[in-house]
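> Next one to model:
(2 chains)
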2 protein chains.
Amino acid sequence: MKKEYAIGADIGGTNIQFCILDNYGNISEFFTLPTEADKGRKHILKNLYRGANEILSKNKHLKFKGIGVGSPGLINISGKVVTGAENLPGWNGTNIKKFLEKKAGLPVYVENDVTALALGEAKFGAGKNYNNIICLAFGTGLGGGIVINKKIYRGKYGYAGEFGHIVVNPNGPKCSCGNKGCLETYASTVGLKRIVREKLKNKKNSKLIKLADNNIKKITPKLLFDEYKKKNKDAVEIINEMGYYLGIGISIFTNIFDPDIIILAGGISKAGNPLIDLILKYSYTHALKFYKDKINIKISKFKDKAGVIGTASLVFE
Amino acid sequence: MKKEYAIGADIGGTNIQFCILDNYGNISEFFTLPTEADKGRKHILKNLYRGANEILSKNKHLKFKGIGVGSPGLINISGKVVTGAENLPGWNGTNIKKFLEKKAGLPVYVENDVTALALGEAKFGAGKNYNNIICLAFGTGLGGGIVINKKIYRGKYGYAGEFGHIVVNPNGPKCSCGNKGCLETYASTVGLKRIVREKLKNKKNSKLIKLADNNIKKITPKLLFDEYKKKNKDAVEIINEMGYYLGIGISIFTNIFDPDIIILAGGISKAGNPLIDLILKYSYTHALKFYKDKINIKISKFKDKAGVIGTASLVFE
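Below is the predicted model:
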């Protein structure tokens, strides 16, 4: 296979990650620039082009096939952010593809950030040897991506894979989307913080609070999992609550998709095998008996770079 | 397009339906034979071949491309019933494809009955103008089928689309699969009968019971919907309970698949537009706000023949 090169740019709330990726999945020139989201749309676009141009200028010896861009929100087929990018003020309505193709003179592929991540893992990462892949990306919220036969499954409006907003408990807590009991209210940073508040509201002396500078708001997913591994009772209760509903979610994806593999990415996935064991426990009690010992969950291969590698992989889809 | 012909055979608990289907979706020679499931595997196979052979003998002027067979249960790629066909004693383990290809001398395509139904509706029926289709088939239980880009999505083990067994209420009633709160415990004949027992247990004088020869066991989905349309309070309460959880289920499929269309088939779907209106009401309160007024639900075009048309359409996949 002839070597080809792509540029990836993953736009986050704080930083934009950039890289070069070849069609064998090798990454180089990884760096970040600040998004400067608070300065508005034009600044974000300026920073996006600045990073891409830096790679182009420094690598004139390489022939790039295109630029892949990941953005929060719903992206339509013409490369425009339609809705859902509320973290980036003024970003909804931006036609990223049109802007960047004109500036950089290369084909530009724009996709929802988590969807792109799923493709990257499917092509080059934890899903390399599989065809049908479900990807869950834990961040502030919970995003998802679906890859079927090694291609992104987008759905009618390009909105497929909104795993964070499937109802796992009809009587559950209020979600940012306006509904109740969405998976995201349990399995995300926002969800974990909510469970922490609920479980510790009458436990001012919890060791967890002490370990977080006596500030309940400073309890992070990392601290929770560190203490969970040490069998801290409060941490176990909190992580179990998340794991129970995440297990239900995974059982739903399993019964529906019968997938080859389920890949976990993003912050909470760093907890690794104890997280997988916990999810499997509750997946097996909720999925069809047929799947007992057959559910295949893996942590993303590319970890913190999974997003940017995913965006670059769009060029090779 | 040159005209081609296929034979369809849909194996049910009581009857086997047969038909001829052409590649334009026209059906002819529709008839049924008894399954004689109680007499065991050999009898079922004998009846299956008898029907297919009847069509072949009577239509020697037609060149058949193959025979499509639908069966309950999980069918593997070699055309064998692996598991899940408990309604047909001794049927699990039967290699339908091997048997029928040898007897009939034509290519045989075997698929789960509901999956086949979904393909038939996707190719020739309510889903004709759409690519990505979710199909729910209400019977004793609740089956499902997924069609992506006009092709059946089967998943790793061929078990994809088990919509009846996604959890919609973690604290819900016991399901036949061993889990709790599966969609099937609300949205199926078995589910409706369960809701009837629960809602009417202290209402011996309910009009519904009177209308069913004073026998609560004789309350059918049809009676419930007839009375629901007449605003019978008990019927409204029972049908609403089903509709609420079915709405949650449809919201889950919508948030996950962003499908072009959701097709309802089987007994309960005969309730028609009042059922669709009810489901939409509860789907919109549980799906992402984006989908408000965008969810597209239709009743199957082929009604009681949807299954057998689906099995024949396997030949044209």
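
> Let me see the backbone angles for A:Thr32.
phi -130, psi 150 (degrees, to the nearest 10).

> With chain B as the reference, measure out to the closest residue to it other than its chain neighbours.
When the adjacent residues along the chain are set aside, A:Thr32 lies closest to A:Asn15, with 4.3 Å between them (Cβ to Cβ, 6 or more residues apart in numbering or on different chains). For every residue, glycine as well, the C-beta is placed using N, CA and C. Between A:Asn15 and chain B the computed distance is 27 Å (Cβ to the nearest Cβ, to the nearest Å).

> who touches A:Asn15 in this structure?
A:Thr32, A:Leu33, A:Pro34, A:Thr35 (Cβ atoms under 8 Å, 6 or more residues apart in numbering or on different chains).

> Ok, A:Ile238 next?
A:Ile238 touches A:Leu192, A:Ile195, A:Val196, A:Lys199, A:Leu208, A:Leu224, A:Tyr228, counting by Cβ under 8 Å, 6+ apart.

> Tell me who's in contact with the second one.
Taking Cβ under 8 Å, 6+ apart, we find A:Ile195 in contact with A:Tyr186, A:Ile238, A:Glu241, A:Met242.

> repeat that for 10 Å
A:Pro173, A:Thr185, A:Tyr186, A:Ala187, A:Leu224, A:Glu237, A:Ile238, A:Ile239, A:Asn240, A:Glu241, A:Met242, A:Tyr245 (Cβ atoms under 10 Å, 6 or more residues apart in numbering or on different chains).

> Buried ones among the residues you listed?
Buried subset of the contacts of A:Ile195 (neighbour count, 16 or more other Cβ atoms under 10 Å in any protein chain shown): A:Thr185, A:Tyr186, A:Ala187, A:Leu224, A:Ile238, A:Ile239, A:Asn240, A:Glu241, A:Met242, A:Tyr245.

> In JSON lines: those, plus distance to A:Ala116 and secondary structure.
Below are the buried ones among the contacts of A:Ile195 laid out as JSON lines (distance: Cβ to Cβ, whole Å; DSSP: H, G, I helix; E, B strand; the rest coil):
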{"residue": "A:Thr185", "distance to A:Ala116": "25", "secondary structure": "helix"}
{"residue": "A:Tyr186", "distance to A:Ala116": "25", "secondary structure": "coil"}
{"residue": "A:Ala187", "distance to A:Ala116": "21", "secondary structure": "coil"}
{"residue": "A:Leu224", "distance to A:Ala116": "28", "secondary structure": "helix"}
{"residue": "A:Ile238", "distance to A:Ala116": "31", "secondary structure": "helix"}
{"residue": "A:Ile239", "distance to A:Ala116": "29", "secondary structure": "helix"}
{"residue": "A:Asn240", "distance to A:Ala116": "32", "secondary structure": "helix"}
{"residue": "A:Glu241", "distance to A:Ala116": "31", "secondary structure": "helix"}
{"residue": "A:Met242", "distance to A:Ala116": "25", "secondary structure": "helix"}
{"residue": "A:Tyr245", "distance to A:Ala116": "26", "secondary structure": "helix"}
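
> What ranges does chain A have for its helices?
Assigned by DSSP state H, the helices in chain A fall at A:41-58, A:96-104, A:113-124, A:189-200, A:207-211, A:221-229, A:233-257, A:273-284, A:306-313.
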